[in-house]
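Undergrad: Provided below are the primary sequence and the corresponding predicted coordinates.
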Amino acid sequence: MAIKQPTIQHTAVQNGHPYFSTELLAWYRAQKRTLPWRKNHDPYRIWVSEIMLQQTRVDTVIPYYLTFMEKFPTVQALAEAPEEEVLKCWEGLGYYSRARNLQAGAKMVMELYDGIIPNDKEAVSGLKGVGPYTSGAIMSIAFNRPEPAVDGNVMRVLSRFFCLEEDIAKPATRAGIEKLAAALIPEGAAGDFNQALMELGALICTPKSPGCLTCPVMEECEGRLAGRELELPIKTKAKPPRQEYRAAALIWGNGENAGKLLVRQREGKGLLAGMWELPHLLLPPHAADWFAEEASKEQPELAEMLTVMVEQDTGQLIRPKGWLKDADHIFSHILWKMRVIECDLGEESTGIADEKNGAESKPEEAASKAAEALMAAAEEREDYVNHSAEEASKSLIPGGMVYRWIDREDMELLPFPNLFLRIIGETWERRGRGEAL
DNA sequence: AAACCGGGGGA
DNA sequence: TCCCCAGGTTT
C-alpha cells in the first residue's frame, strides 16, 4: 500500500510561527499603503476590489475601481445595471468573465440574501466568480474571520520564508500552503495578517529582486538563509501560446452610415465574451505563408474570404480596398496575428437594415432574401440585441452574430477589447487627418 | 490535472 | 524580450 505524503512538511503547520506572524503584522500596520478599498470594511467594496485584483496589479486596478464604485456603489446598483455598462467599465482590464461573474454574484446576493453579503464562508464561496482565494480574502478582510487567502504573493512569500520546494503550479501545493497560511493567522487579526502577506509579496518579497535587506522577517527566512530566495518559489513553466492567423475587415459605411464602421458583438461565452470587435475570420494554418511575404499585401485571398463572410452574415457586399495594417495580440494561451483589410461598400449595397433601402430596391435576389431574414431576426431578438426597437432595427443578425454600424460616440458606449479599440481609434485619427478611405 | 480566460508593467 | 501578476471556471 502506497504511503500518502503530506504536501507541505513543516512544524509551522501545527504550531504556527509567532516570530513570522508578529513581525509581519507589525510591519504591515506601520507601513501599509493607503488604497481605495482600505477606507472601510464594507464587504461589497472588498469583494469588488478582490475580483479586480485577480491577475491584475494594484496600480492598474485603482482607476478602474474608483470609476466602478462611483457607477455601481451598492450590490443593488450593480445587480440592476445593464451588462453592457458593466463590461464597459471593465474595458481594458481583461478577463472579462470576472465582470460578468461579479454581476451574476450581485444578483445572487439580491435574490438569496436580500442584498446583504452574508458573514458566512459557504455562502460567499457559493457566489459566482468567488473561489478559494477570494472567499478567504472577503471573509478575513471584511469580517475578520480566520480564513487563509492564498494568492501568488502568499505562495511566493511562504515558499521563501519556509524554503518550500513543492511546485506551486500544482493544486496540491496550493492546498498545503493554505493550511500553513491558516495556521499562521494571529488571533483576532486575520484581515490585517492576510493583507500583510500580500503586501510583503507586492512591495518587498517581489519575484525578481526581493528586498531582503528591508524585509521585516529576513532574520529567520529559511530561503534567504539558504541563499536560495531567487530560486523560490519553484514553478513549472507554461506552454507557449499557439499561433492563430486572422483576417479582419475594417468597413466604412455609405449613405446614412457614411463615416461609420461595421462592428459585431461576440457571443456570450468563451474568449472576450460579449465584447465588440471588427468582423474577422480564423484562417487555416498555411495562412502563415500569406503573412510572411510583404509583397502579398494586396491579399486577394483574404479579400475574397472576407467579402463572402460579410455577405453571408449581413447580406451586404463589401469592396476590399487593400491592406491597412497587421496587428499582433497576445493572450495567455493564444497569439493572434491579424491582418486588417480596409473596405467600403458598393453603391448598390447601402445598408440592409436601412428602411429607405428595403428589399424592393435591391436588384440581387439573394440580398433581398437576406434582408428579409435579417429584419425578421432583428424583431424576434429585439430584447437581446438592444434596448430599443429602433436600435434593434439597425442591427444585422445573421448566424447569431449581431452586426452594427458605429460612430465615435457609439464606440464610447460599447465595450471593446484593447486590440480592436486601438485599431479603430487609430483609424478615426487617420480619417480626421483625411488619410482614411 | 489541464486548459481556458487579457492585459499590462517590471526587470 | 521574458515573466508574472491580490484566480476562477470548465473540461
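TA: Everything's here; your move.
Undergrad: and the residue nearest to residue A:207 when sequence neighbours are not counted, what pLDDT?
TA: Leaving aside its chain neighbours, residue A:207 sits nearest to residue A:156 (6.6 Å; criterion: CB to CB, 6 or more residues apart in numbering). The C-beta positions use only the backbone N, C-alpha and C, and glycine is treated the same way. If you check residue A:156, the pLDDT there is 95.
Undergrad: what about residue A:156, which helix or strand?
TA: Per DSSP states H and E: residue A:156 is located in helix A:152-161.
Undergrad: In the stretch 1-150 of chain A, which residue sits nearest DNA strand C?
TA: DNA strand C sits closest to residue A:131 of the stretch 1-150 of chain A, with a gap of 2.6 Å, by CB to the nearest atom of the strand.
Undergrad: In contact with that residue, which residues?
TA: Contact analysis of residue A:131 by CB atoms under 8 Å, 6 or more residues apart in numbering lists residue A:125.
Undergrad: And the pLDDT at it?
TA: If you check residue A:131, the pLDDT there is 93.
Undergrad: what does chain A have sitting close to DNA strand B?
TA: With CB under 7 Å from any atom of the strand as the criterion, chain A meets DNA strand B at residues A:55-57, A:59-60, A:92-97, A:170-172, A:206, A:208-209, A:239, A:270-273, A:329-334, A:417-419.
Undergrad: quick one, helices of the stretch 251-400 of chain A?
TA: Using DSSP state H, counting those that start in this stretch, the helices found in the stretch 251-400 of chain A span residues A:287-292, A:300-314, A:365-380, A:382-385, A:389-394.
Undergrad: In terms of mean pLDDT, which of those ranks lowest?
TA: Taking the mean pLDDT of the helices of the stretch 251-400 of chain A, helix A:382-385 comes last: a mean of 30.
Undergrad: Could I get the contacting residues of residue A:123?
TA: Going by CB under 8 Å, 6+ apart, residue A:123 touches A:112-113.
Undergrad: err, residue A:28, not the other one
TA: Neighbouring residues of residue A:28 by CB under 8 Å, 6+ apart: A:192-193, A:195-196, A:199-200.
Undergrad: what's the closest of those to residue A:220?
TA: Among the contacts of residue A:28, residue A:200 lies closest to residue A:220 (CB to CB), at 13.9 Å.
Undergrad: Tell me where chain A has strands.
TA: With DSSP state E as the criterion, chain A has strands at A:242-251, A:261-265, A:276-277, A:280-282, A:318-330, A:334-345, A:402-406.
Undergrad: right, so of those, which gets closest to residue A:108?
TA: Among the strands of chain A, the nearest to residue A:108 by CB to CB is strand A:261-265 (25.1 Å).
Undergrad: Which neighbouring elements make contact with that closest one?
TA: Packing partners of strand A:261-265 (3 or more CB pairs under 8 Å, 6 or more residues apart in numbering; DSSP states H and E): strand A:242-251, strand A:276-277, helix A:300-314, strand A:402-406, helix A:418-432.
Undergrad: which parts of the stretch 51-200 of chain A sit against DNA strand C?
TA: Looking at DNA strand C, the residues of the stretch 51-200 of chain A close enough under CB under 7 Å from any atom of the strand are A:53-58, A:95, A:97, A:101, A:128-135, A:137, A:151-153, A:155-156, A:195, A:198-199.
Undergrad: and the contacts of residue A:28, which are buried?
TA: A:192-193, A:195-196, A:199-200 (16 or more other CB atoms under 10 Å).
Undergrad: got JSON lines for those residues, with pLDDT too?
TA: Putting the buried ones among the contacts of residue A:28 into JSON lines (pLDDT from 0 to 100) gives the following:
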{"residue": "A:192", "pLDDT": "96"}
{"residue": "A:193", "pLDDT": "96"}
{"residue": "A:195", "pLDDT": "95"}
{"residue": "A:196", "pLDDT": "96"}
{"residue": "A:199", "pLDDT": "94"}
{"residue": "A:200", "pLDDT": "95"}
